[in-house]
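K.L.:
Model the following, please.
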Amino acid sequence: MTLTKGAQLFRDWMQREKLSQREVAQSLGWDSTYVSAIVNGRRRPQLNNAFKIQELTKSNVPVDSWIQLKKIRASK
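P.N.:
Okay, the predicted model is just below:
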């Protein structure tokens, strides 16, 4: 499973800040299983939750880091 840029940034930020998934979940008012799913790439946060992550991390994990654009092949 490939992590989104957002998931990797979020994971890295948590490690730098020495915060557990449980601590982050409590700060955001979320269940720790939801935070686990986000940092492990099983889920992407909804837009409003991406903004909450951006705020908590002081923009170290920007909202647009959760977006994955797929390359579109031109048909011939």
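
K.L.:
Flag the shaky bits of the protein, pLDDT-wise.
P.N.:
Within the chain, the set of residues satisfying pLDDT under 70 comprises 1, 69-76.

K.L.:
That one: strands as residue ranges?
P.N.:
Across the chain, reading from the start of the chain, there are no strands by DSSP state E.

K.L.:
Which parts of it are helices?
P.N.:
Ranges of helices within the chain are 5-17, 21-28, 32-39, 47-56, based on DSSP state H.

K.L.:
Can you say which of the ones you listed is nearest to W66?
P.N.:
When those are ranked by distance to W66, counting by CB to CB, first place goes to helix 5-17 at 3.8 Å. (Glycine included, C-beta is placed from N, CA and C.)

K.L.:
Dump the C-alpha coordinates for the closest one into CSV.
P.N.:
Written as CSV, here are the backbone C-alpha positions of helix 5-17 (Å, rounded to 0.1, in the frame of the first residue of the first chain):
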residue,chain,number,x,y,z
LYS,A,5,2.0,12.5,0.9
GLY,A,6,-0.4,13.6,3.6
ALA,A,7,-0.2,10.3,5.5
GLN,A,8,3.6,10.3,5.3
LEU,A,9,3.8,13.9,6.5
PHE,A,10,1.4,13.3,9.3
ARG,A,11,3.3,10.2,10.4
ASP,A,12,6.6,12.1,10.3
TRP,A,13,5.2,15.0,12.2
MET,A,14,3.9,12.7,14.9
GLN,A,15,7.3,11.1,15.2
ARG,A,16,9.1,14.5,15.4
GLU,A,17,6.6,15.7,18.1
